[in-house]
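Asker: Fold the following and give me the result.
(one chain, ligands or ions: 2)
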Amino acid sequence: MNLRQPCLKVIEHLPPIPGATGRLLATLARRDLEFKDLVKLAEGDAVLAGRVLALANSGAYGRRRNVDSIQYAIAFIGVSAIRRNAVSWAMGSVFRHFHPAESAAWSTTRFMAHSEHTATLCDMFCDRFPVREAEAAYMAGLTHDIGKLVMAMANRDAPGEVLDFMRLTGTPMVEAERELLGIGHPEISGMAAERWHLPDAICDAVYRHHNPEPDDKSAAPLSLVVAHADRVVNSIGFGIVPETPAKFEMCWPGRESAARAALDSFRLTLMPANGTSTQQGDLMMELAT
Ligand SMILES: [Fe+2]
Ligand SMILES: [Fe+2]
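Answerer: Ligands and ions are numbered 1, 2, ... in the order given. Just a heads-up that it's a prediction; the model follows:
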């Protein structure tokens with residue numbers, strides 16, 4: 001089967017990112033972002049204003065007094081938390097209306113967990129060492145595998161067929177997709193990102209996440225950060241396909257200790273509220289030591 005044309009059709013019908021959230025994402029992706037621009041944008045849209053205030057007043061920030069000013073709420077939450085949440089707001093409303101039928105080889109819940117964990121880890125790498133276009137990292141992590149979702153929408157049997165082919169022949173995933181379906185999911189992810197008019201840095205990073213640019217000393221390329229985060233998340237059992245977690249050696253010459261520190265912070269996000277560890281938390285522990 002050739003899925004190139006059916007995938008292009010699905011991309012044409014991708015639901016748009018809602019207007020105000022789309023503008024917020026574009027504003028947040030700007031390097032010269034000014035606090036007052038963000039305040040102006042949130043104040044100009046009732047839904048967005050409500051979300052920002054709800055976030056500032058949520059249990060996560062432990063405030064005793066109610067925050068009722070947008071300006072104060074944004075100063076209090078911080079730009080990176082707004083960035084992370086804006087992306088989740090945008091993608092949440094898109095995925096509510098756009099997801100393939102569940103099958104043995106496809107679960108939208110697993111897809112969302114994989115995407116969110118990759119996005120979080122991308123952000124944590126950016127907190128620890130210089131990354132080019134770091135402000136786009138969370139969105140790039142969240143959308144890197146959207147091509148797989150598009151493929152499953154174009155043909156519900158595609159994920160299962162790719163998986164069978166990989167298991168039978170030992171072919172790596174992207175090569176199996178290209179051989180079997182005529183196109184790989186990174187190309188489709190890149191096309192979907194373009195269709196949403198996401199910044200070039202994101203289109204490029206998702207397109208290259210299985211073939212990242214080489215590292216350089218000054219700052220890590222975003223495609224490499226997404227590739228690393230993706231491998232870590234897969235290795236601890238949060239792959240899109242339900243496979244047994246595989247051991248994975250974190251290899252990032254020159255950035256080992258910073259990467260380990262990021263993995264440590266990430267491990268904490270996998271801990272349930274009562275503090276006991278999860279299987280993923282334990283696997284992260286192995287990876288970080
Ligand atoms: Fe991928
Ligand atoms: Fe992935």
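Asker: any residues touching the lowest-mean-pLDDT helix or strand in the chain, and which ones?
Answerer: Sorting the helices and strands of the chain by mean pLDDT, DSSP states H and E puts helix 19-28 at the bottom, at a mean of 71. For helix 19-28, contacts defined as CB atoms under 8 Å, 6 or more residues apart in numbering pick out 16-17, 33, 37-38, 41-42, 44-45, 47-48, 79, 82-83, 86-87, 89-90, 93, 135, 139, 196-199. For every residue, glycine as well, the C-beta is placed using N, CA and C.
Asker: and with 6 Å instead?
Answerer: Residues from elsewhere that reach helix 19-28, judged by CB atoms under 6 Å, 6 or more residues apart in numbering: 37, 41, 45, 48, 83, 86, 89-90.
Asker: for the helix or strand containing residue 264, the distance to its chain's centre please.
Answerer: Per DSSP states H and E: residue 264 is located in helix 256-269. From the chain centre to the centre of helix 256-269 is a distance of 17 Å (CA atoms, centre = their mean, to the nearest Å).
Asker: just checking, what packs against that helix?
Answerer: Counting contacts by 3 or more CB pairs under 6 Å, 6 or more residues apart in numbering; DSSP states H and E, helix 256-269 packs against helix 108-128, helix 279-288.
Asker: can you rerun that using 8 Å?
Answerer: helix 108-128, helix 222-235, helix 279-288 (3 or more CB pairs under 8 Å, 6 or more residues apart in numbering; DSSP states H and E).
Asker: Could you tell me the least trusted of those helices?
Answerer: Lowest mean pLDDT of the helices and strands packed on helix 256-269: helix 279-288, a mean of 73.
Asker: what mean pLDDT does the helix or strand hosting residue 49 have?
Answerer: In the assignment (DSSP H and E), residue 49 maps to helix 46-56. In this model, helix 46-56 has an average pLDDT of 86.
Asker: other SSEs contacting that helix?
Answerer: helix 19-28, helix 35-43, helix 70-77, helix 79-96.
Asker: one more time with 6 Å, if that's ok
Answerer: Applying 3+ CB pairs under 6 Å, 6+ apart, one finds that helix 46-56 contacts helix 35-43, helix 70-77.
Asker: Single out the most deeply packed of the ones you listed.
Answerer: With neighbours defined by mean count of other CB atoms under 10 Å, none of those is more surrounded on average than helix 70-77, at a mean of 18.
Asker: Which elements pack onto it?
Answerer: When contacts are defined as 3+ CB pairs under 6 Å, 6+ apart, helix 70-77 sits against helix 35-43, helix 46-56.
Asker: What parts of the stretch 51-200 of the chain come near ligand 2?
Answerer: Neighbours of ligand 2 within the stretch 51-200 of the chain, by CB under 5 Å from the ion: residue 145.
Asker: What is the burial count for the closest residue to ligand 2 within the stretch 51-200 of the chain?
Answerer: Proximity of the stretch 51-200 of the chain to ligand 2 (CB to the ion) peaks at residue 145, 4.2 Å away. Residue 145 has 24 neighbours, counted by other CB atoms under 10 Å.
Asker: Can you say which helix or strand has the most centrally placed residue in the chain in it?
Answerer: Taking CA atoms, centre = their mean as the criterion, residue 142 is the residue nearest the geometric centre of the chain, at 1.6 Å. Taking DSSP H and E as the criterion, residue 142 maps to helix 137-143.
Asker: Just the mean pLDDT for that helix, thanks.
Answerer: The pLDDT scores in helix 137-143 average 89.
Asker: And it, what does it pack against?
Answerer: helix 79-96, helix 108-128, helix 200-207, helix 222-235.
Asker: Can you tell me what sits against the shortest one?
Answerer: It refers to helix 200-207. With CB under 6 Å, 6+ apart, helix 200-207 has contacts from 133, 136, 139-140, 143-144, 186, 189-190, 193-194, 222-223, 226.
Asker: got the contact list for residue 142?
Answerer: Counting by CB under 6 Å, 6+ apart, residue 142 has contacts 87, 91, 115, 119.
Asker: hmm, which two among those residues are most spread apart?
Answerer: Across the contacts of residue 142, the longest distance by CB to CB is 10.2 Å; it joins 87 and 115.
Asker: First-to-last residue distance for stretch 239-257?
Answerer: Start and end residues of stretch 239-257 are separated by 25 Å (CA to CA, to the nearest Å).
Asker: what do you get for stretch 145-160?
Answerer: Termini of stretch 145-160 sit 16 Å apart (CA to CA).
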